[in-house]
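# Okay, predicted coordinates and the sequence, questions at the end:
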Amino acid sequence: MFFTVSFYIALAIFILGLIYKIATWFRYRVGAEARDTSFMGRVFAALKGIISTLFSVKIVVLLKVFFLDVLFQIRTLRESPLRWVMHLCLFWGFMLLFLWHGLSAIFTAKLFPDYSATVNPFFFLRNLFGLLVIIGLAIAAYRRFVPKLPRLKTSPMDHYVMIIIAVIMVSGYLLEGTKMVSHGRYEVMVEDYADVDDDEALEALESYWVKEFRIVSPTLKGPFDDEVLEQGLEIHEESCAACHSKPQSAFLSYAASRAIKPIAGIVDRAHIHVGLLYIHFMACFIGLAYLPFSKMFHMFASPVSLLANAVMDPEKSDPANIATRQVMELDACTHCGSCSLRCSAGMAFEEIRNVNILPSEKIAAVKALAKGKALSERELRDIQEGLYLCTNCHRCTVACPVGINLQDLWFNVRETVLEKGYPELLTLSPLSFYRGLRRDKIVEDRYREPLLVARKALAEACRAIEADETITDAHIDNLFIKSLALSNQGNTFSYCFTCTTCTSACPVVRNFENPREALGLVPHQIIHAAIVGVGDLIFRANMLWDCLGCYQCQEQCPQGVRVTDVLYELKNIAMKQVNGRPKKTQVGMKS
Amino acid sequence: MKFALLRCCTTPIYLEQYESSTDAVLEKLGVGFVEIKAFNCCGYPLKNSNFKAYVLSSARNLALAEKRDLHMMTFCNCCYISEKNVSRLMKEDPSIRKAVNNTLEKEGLRYEGRTEVRHLLDILYQDIGIEKIKEKMVKTFSGLKLAVHYGCHILRPSQLVQFDQPGTASVFDQLVEVTGAENISWPAQRECCASPIWGINDQLSLDLTDNKVKDAKDSGADYLCVACPFCQLQFDRVRNLSRSGGNGTHQLPSILYTQLLGLGLGLDAGILGINKNELDLSGILDLLS
């Protein structure tokens, strides 16, 4: 009764969870494509897309992807053979256990009319499948905890999932092992099934079971006479053999039973097997109820994502379907960390401790955004920085074992986050080159806005001196001079004697008829302002942010000032200074 | 002769043809290389914002190559200067070396300065040599007028890169001439392609690019030839993108050096990705015989 009730509760939570999660695929919005879509519109677009795909030649692609990517998991094999073994063991082991054992009443028993849990091959196979799961689990635990893989993050959810699976497995085999040696269980079975009454025959059967089936009897220890055993065998064959194979074939449980043997009597009298049964069942039910809300939901979302990605084309597919797919992909993520291990910008995380730099963690941030969760300015700006600090190398997308198009996801989300109007100074770095390469995908105004916002934030943060103000002692920032002088890139600035060669060599300066007006300061003026110690004047100047880094100035400098490197360092200082001043007034548009 | 080939972040999506043509040319010329899957970005895009993050990024690549006792080959000028600069810093500055190696040690890596950084052009010129390349040529160009664009970071800062003399550089010119192409002289040859500010100040970037391309055109060139993905993307994709905005009026397609050399070596135009460039290059095939 208890089990039935708790099972149905778990099942109800599971089904409702499943419906809820799948509904979010059509409700949540990620990126610009999702802006003008409605729930029903997306549901119909998806149905239309699915039906038209199923009745087209694309079905061949789907079949190929289903076998190679979903069942054989070839993408994981390409990334790491060890992880492939791990996941295949877990996937197949657990699937088979679930069908063969968990659903034995409605699956195995129907398929094989003489099915019995304790007879071979069922008895043996259950242990074989379990062994696969245990091997997979062991590799997973090893990978997470033993070698220090760089930047692999393990979240509490990763722990929960491993713990639930481990509890299911351990309790299952301990339960079976306990029953194997249990004299109490033996007696119940004899009462129910053995057609013998006289004590001699009963003793013969028990002797046989002690010898051959390794139950632990409180009275009979052996050695036994051959005659007794023979008599026992006869009764066994009549009453028991149809349902019982030798315990050794269930090798995991048998090993557990050997370990329990010395305390078998106590275990039996304390009815430990009942406790184990509760633990085993409850762990399964908790796992079932938790599944739609945990990363294990990927067992539904990942195959769908792999299949959808195989037949969808960003240029031709319905934008409503792309919007749906991008939300679904968030659920397909298994938090395996492949993307972060391969991330080109991953090393930046060692210096800038913002987890949103790592793709596997960025996904969580994108989920929060998609949900429409209220995020603080700090959180949003961290997410924005993480999204912008990406070199668009596409490796996360290639590495993802479930085929999530992470690159497109970052691009879309980046634009919607930028629209919120918080300044992102990284827009003033060559990371913007990649955004520029996709300029045709962004509306003109929205394309320019983040750059203006960043420059405005800079201007507001650098108001210690106005453009045409006379410099006095009060404007001189000795800390600024010191940090430049101690830096590796900037320390040559003071050699300058203002010969203006750098300015003459600069191609940016040459491009303007009136450079001073267009650029604020020209290169030699920047160096001079650095010597004087008025950083704020420099940070506002267009010249600093329009510098190409072409090294013409540095090449020509007669004094050995590493002019270009000094400019690089000045940009570093400016960004730190602005980012380090919290609570800046928000500028630009706010949505 | 074997190198660890550091590809550039820009190439997998936007410049696949640079990868495929480089692979094919290197194979043809017998230059061995391995790809280290764990390589990351050289850190160049981070140099503006965070010097330490930039140094760590480059240093990790150097350490990965050094672990395998390989020198590093790059086909990008920006990767080249970044890695080269960090290699020098790690050798010359004990405090940087210590701090960086402390971080790298967390994943069992360190860099002692044995791995050297080489540019593809440098390897072709120094290690293979013009004569050897000439022997392998099966086709030559005639009537092909090329403007050779070195790109900044292979020349400057000369003290660091020591690739060639910035004022009188000729390595790339010679490598181009071996294909039979006519190497025109043009005043703006050593100027920047302006890609570093594409995405930051597009108008300025385009103006500079256009001036440069116009100069090449006025000097009689029909094509540009480059050996850096940033320059190529600027001359090809960016100019193509912005044509609708009324800019980029000087039609002058750019060919990657590995594509040009590959054609001379008799490699298949498909493998070299001639049709993958955005500005049409197909006319160049007619000049090949």
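Structure's in. What do you need?

# What about A:His271, how many residues nearby?
13 (other Cβ atoms under 10 Å in any protein chain shown). For the C-beta atoms, the positions are set from N, CA and C on the backbone; glycine is no exception.

# And what about B:Ser57, helix, strand or coil?
Secondary structure assignment for B:Ser57 (DSSP: H, G, I helix; E, B strand; the rest coil): helix.

# what's around the nearest residue to it once chain neighbours are set aside, how many residues?
Closest residue to B:Ser57 apart from its sequence neighbours, by Cβ to Cβ, 6 or more residues apart in numbering or on different chains: B:Gly43 at 3.1 Å. Counted with other Cβ under 10 Å, residues neighbouring B:Gly43 total 30.

# Near B:Thr74, how many other residues are there?
Residues near B:Thr74, counting by other Cβ under 10 Å: 28.

# surely it meets B:Asp122?
No. Judged on Cβ atoms under 8 Å, B:Thr74 makes no contact with B:Asp122 at a distance of 9.6 Å.

# dump the residue contacts of the single nearest residue of the stretch 101-250 of chain B relative to chain A.
In the stretch 101-250 of chain B, the residue that lies nearest chain A is B:Gly199 (3.0 Å; Cβ to the nearest Cβ). Going by Cβ atoms under 8 Å, 6 or more residues apart in numbering or on different chains, B:Gly199 touches A:427, A:430-437, A:439.

# would you turn those into a markdown table with distance to chain B?
Listed next are these as a markdown table, based on distance: Cβ to the nearest Cβ, whole Å:
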| residue | distance to chain B |
| --- | --- |
| A:Thr427 | 7 |
| A:Pro430 | 4 |
| A:Leu431 | 5 |
| A:Ser432 | 3 |
| A:Phe433 | 5 |
| A:Tyr434 | 7 |
| A:Arg435 | 5 |
| A:Gly436 | 3 |
| A:Leu437 | 6 |
| A:Arg439 | 6 |
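
# Can you redo these as a markdown table, where the extra columns are neighbour count and secondary structure?
Output for those, formatted as a markdown table (neighbours: other Cβ atoms under 10 Å in any protein chain shown; DSSP: H, G, I helix; E, B strand; the rest coil):
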| residue | neighbour count | secondary structure |
| --- | --- | --- |
| A:Thr427 | 22 | helix |
| A:Pro430 | 25 | coil |
| A:Leu431 | 23 | coil |
| A:Ser432 | 25 | helix |
| A:Phe433 | 24 | helix |
| A:Tyr434 | 25 | helix |
| A:Arg435 | 24 | helix |
| A:Gly436 | 23 | helix |
| A:Leu437 | 21 | helix |
| A:Arg439 | 16 | helix |
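
# now, which of those sits nearest B:Asp207?
Nearest to B:Asp207 out of the contacts of B:Gly199 is A:Gly436 (Cβ to Cβ; 14.7 Å).

# any idea how far B:His153 is from the residue nearest to that closest one when sequence neighbours are not counted?
Nearest-residue entry for A:Gly436: B:Gly199, 3.0 Å, with adjacent residues in sequence omitted and distances by Cβ to Cβ, 6+ apart. Applying Cβ to Cβ, to the nearest Å, the value for B:Gly199 to B:His153 is 18 Å.

# Now residue 17: which helix or strand?
Went with chain A since none was named. helix A:2-27 (DSSP states H and E).

# not what I meant, chain B
helix B:16-28.

# in that helix, what's buried?
B:17-26, B:28 (16 or more other Cβ atoms under 10 Å in any protein chain shown).

# List just the nearest of those to B:Ser82.
B:Tyr18 (17.5 Å).

# show me where chain B has helices.
For chain B, the helices defined by DSSP state H cover B:11-14, B:16-28, B:51-67, B:77-92, B:94-105, B:120-122, B:130-136, B:158-161, B:171-177, B:202-218, B:229-233, B:239-242, B:257-264.

# Quick check: which of these has the most neighbours on average?
Most buried of the helices of chain B by mean neighbour count (mean count of other Cβ atoms under 10 Å in any protein chain shown) is helix B:229-233; its value is a mean of 28.

# With respect to A:Leu548, which of the helices of chain B lies nearest?
helix B:202-218 (7.7 Å).

# Can I get that closest one in PDB, CA atoms only?
Provided in PDB are the C-alpha atoms of helix B:202-218 (Å, rounded to 0.1, in the frame of the first residue of the first chain):
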ATOM      1  CA  ASP B 202      33.300  50.600 -38.100                       C
ATOM      2  CA  GLN B 203      33.400  53.800 -40.100                       C
ATOM      3  CA  LEU B 204      37.000  54.500 -39.300                       C
ATOM      4  CA  SER B 205      37.900  50.900 -39.900                       C
ATOM      5  CA  LEU B 206      36.300  50.900 -43.300                       C
ATOM      6  CA  ASP B 207      37.900  54.300 -44.300                       C
ATOM      7  CA  LEU B 208      41.300  52.900 -43.500                       C
ATOM      8  CA  THR B 209      40.700  49.700 -45.300                       C
ATOM      9  CA  ASP B 210      39.300  51.500 -48.300                       C
ATOM     10  CA  ASN B 211      42.300  53.800 -48.500                       C
ATOM     11  CA  LYS B 212      44.600  50.900 -48.500                       C
ATOM     12  CA  VAL B 213      42.700  48.900 -51.100                       C
ATOM     13  CA  LYS B 214      42.400  52.000 -53.300                       C
ATOM     14  CA  ASP B 215      46.200  52.400 -53.100                       C
ATOM     15  CA  ALA B 216      46.700  48.800 -54.200                       C
ATOM     16  CA  LYS B 217      44.200  49.200 -57.000                       C
ATOM     17  CA  ASP B 218      45.800  52.500 -58.100                       C
END
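
# model confidence over it, on average?
Helix B:202-218 carries an average pLDDT of 95.
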